[in-house]
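Asks: coordinates for the following, if possible.
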Amino acid sequence: MSGASGPVTAIVTRRIKPGCESRFEAWLEEVSAASTTFPGHQGATVVRPSDPAHPEYLIVFRFDTQAHMDVWRRSPVRRALFERSAALAEEPPQERTLGGFETWFALPGGQVVRPPTRWKTWALSSAAIYPLITAITLGAGPLLGPLPLPMRFLITVPILGALMTWFVMPVLTRALSRWLY
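Replies: Numbering: from 1, shown residues only. I've put the predicted structure just below:
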């Protein structure tokens, strides 16, 4: 993922030892504040456990590029903070980086709480791409018909990508959020 451009989100899952919640909450404030001092920082969000059966905290860090996310991840500040939190947790942190298509499935406001399952990502993307590519092909067919096939793709693929990223997927994600999440 280090070659990715555009916004990158890292989701860190932590299961805290019973009785350590208040110390972990203080640590959350500290790690969130520290992340804001790094270039490209676009936000840190904490999703606190709401279900006793799933007592994980989710910490979401957003940066404008993978390079800026990597600076944060490799920093001595972050390393020291995460080492300090180890005594408060039942297990090491689980971390997942999201970029590209997965960011289509962000909740309003850019928060990615828990990514949808891969089959739901595939199903919704396919359901959105098929009518779009059909409409683009039929609508632009008369204009693009004389061009060689690779040139037609060179024109239609960026249009499809823009529509999916800035219009279709945000609308579908909001409309189908109960099913997705």
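
Asks: low-scoring stretches of this structure, by residue?
Replies: 1-5, 51-54, 99-115, 181 (pLDDT under 70).

Asks: what segments of it are strands?
Replies: With DSSP state E as the criterion, the chain has strands at 8-15, 41-47, 56-63, 94-98.

Asks: dump those strands into JSON lines; add distance to Val31 and mean neighbour count as well.
Replies: From N, CA and C alone the C-beta is placed, and that goes for glycine too. Shown next, in JSON lines, are the strands of the chain (distance: least, C-beta to C-beta, whole Å; neighbours: other C-beta atoms under 10 Å):
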{"stretch": "strand 8-15", "distance to Val31": "9", "mean neighbour count": "21"}
{"stretch": "strand 41-47", "distance to Val31": "8", "mean neighbour count": "17"}
{"stretch": "strand 56-63", "distance to Val31": "7", "mean neighbour count": "21"}
{"stretch": "strand 94-98", "distance to Val31": "13", "mean neighbour count": "15"}
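
Asks: how about the helices in this protein?
Replies: 21-35, 66-74, 76-85, 118-144, 149-163, 169-175, 177-180 (DSSP state H).

Asks: mind putting those helices into TSV with distance to Ala44?
Replies: Shown next, in TSV, are the helices of the chain (distance: least, C-beta to C-beta, whole Å):
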stretch	distance to Ala44
helix 21-35	4
helix 66-74	10
helix 76-85	12
helix 118-144	24
helix 149-163	28
helix 169-175	21
helix 177-180	22
